[in-house]
Every structure is written in structure tokens, then in C-alpha cells.
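K.L.:
need a structure here:
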Amino acid sequence: MRNIFYLILKAAFGWFAGWMGGYLQRRKLASETARADTAEQTVREQTTVIHNAQVREEVTNETAKLPDAPAIRVGDAPADSAAGKLRDEFSRD
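P.N.:
Okay, here's the model as predicted:
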């Protein structure tokens with residue numbers, strides 16, 4: 001009887017040790033996967049930030065290249081200018 005109890009106890013502890021080892025491995029794998037996902041997300045976010053900064057710099061540079069136009073009142077603008085077209089299209093007459 002004592003041997004049967006010993007064998008059952010040994011089998012139970014063996015099963016529990018195997019289950020616990022598998023559980024710990026799965027937990028470690030899940031932790032590493034979550035850490036890798038977080039790192040990938042951070043890389044994507046930083047890439048987006050860098051891209052947005054580059055686009056913003058390009059727009060600033062292109063805007064700086066635009067010629068300066070003298071200030072003119074809409075009412076005094078020539079008819080072929082954008083201000084003149086705006087005046088003609090939206091006049092309240």
C-alpha cells in the first residue's frame with residue numbers, strides 16, 4: 001500500500017512539475033512577445049514622428065521659396081489677379 005501511495009504521489013508531483021514548467025515557459029514567452037510588440041510599436045511611432053518632422057521641414061522650405069507679393073486691397077486689385085477674380089465672383093452688387 002505504501003508503494004502505491006508513493007507512486008501516486010510521485011506521479012502527481014511529476015505532473016505538477018511538468019505543468020508548472022510549461023506554465024512558466026508560456027508565461028515567459030508571452031512576456032517576451034509583449035515586450036517585442038511594444039518595441040515594434042515604439043519603432044513605428046518614432047518612424048512616424050521622424051517622417052512628420054521631415055515633411056514639416058520640406059513644407060517650411062518650399063513655403064520660404066514662394067515669392068513675396070505686395071499687399072493690395074481687393075477693391076484695387078487688377079481683374080486678372082486672384083483678388084480681382086474673388087472680387088468679381090463674390091461682389092454684392
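K.L.:
CA atoms for contacts and neighbours, from now on please.
P.N.:
OK.
K.L.:
longest helix of the protein?
P.N.:
With DSSP state H setting the assignment, residue counts place helix 2-65 as the longest helix in the chain.
K.L.:
same question for the following helix or strand past it, mean pLDDT?
P.N.:
Using DSSP states H and E, the helix or strand that follows helix 2-65 towards the C-terminus is helix 82-89. Taken as a whole, helix 82-89 has a mean pLDDT of 75.
K.L.:
which residues touch helix 82-89?
P.N.:
For helix 82-89, the surrounding residues in contact (CA atoms under 8 Å, 6 or more residues apart in numbering) are 74-79.
K.L.:
With stretch 17-27 instead?
P.N.:
Nothing outside stretch 17-27 qualifies as a contact, by CA under 8 Å, 6+ apart.
K.L.:
That stretch - what's its average pLDDT?
P.N.:
84.
K.L.:
Would you mind putting the CA coordinates of it into PDB?
P.N.:
Written as PDB, here are the backbone C-alpha positions of stretch 17-27 (Å, rounded to 0.1, in the frame of the first residue of the first chain):
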ATOM      1  CA  ALA A  17       6.300  20.000 -12.000                       C
ATOM      2  CA  GLY A  18       5.800  19.400 -15.700                       C
ATOM      3  CA  TRP A  19       2.700  21.600 -15.800                       C
ATOM      4  CA  MET A  20       4.300  24.300 -13.800                       C
ATOM      5  CA  GLY A  21       7.400  24.200 -16.000                       C
ATOM      6  CA  GLY A  22       5.200  24.600 -19.100                       C
ATOM      7  CA  TYR A  23       3.200  27.300 -17.400                       C
ATOM      8  CA  LEU A  24       6.400  29.300 -16.600                       C
ATOM      9  CA  GLN A  25       7.600  28.800 -20.200                       C
ATOM     10  CA  ARG A  26       4.300  30.000 -21.600                       C
ATOM     11  CA  ARG A  27       4.400  33.000 -19.300                       C
END
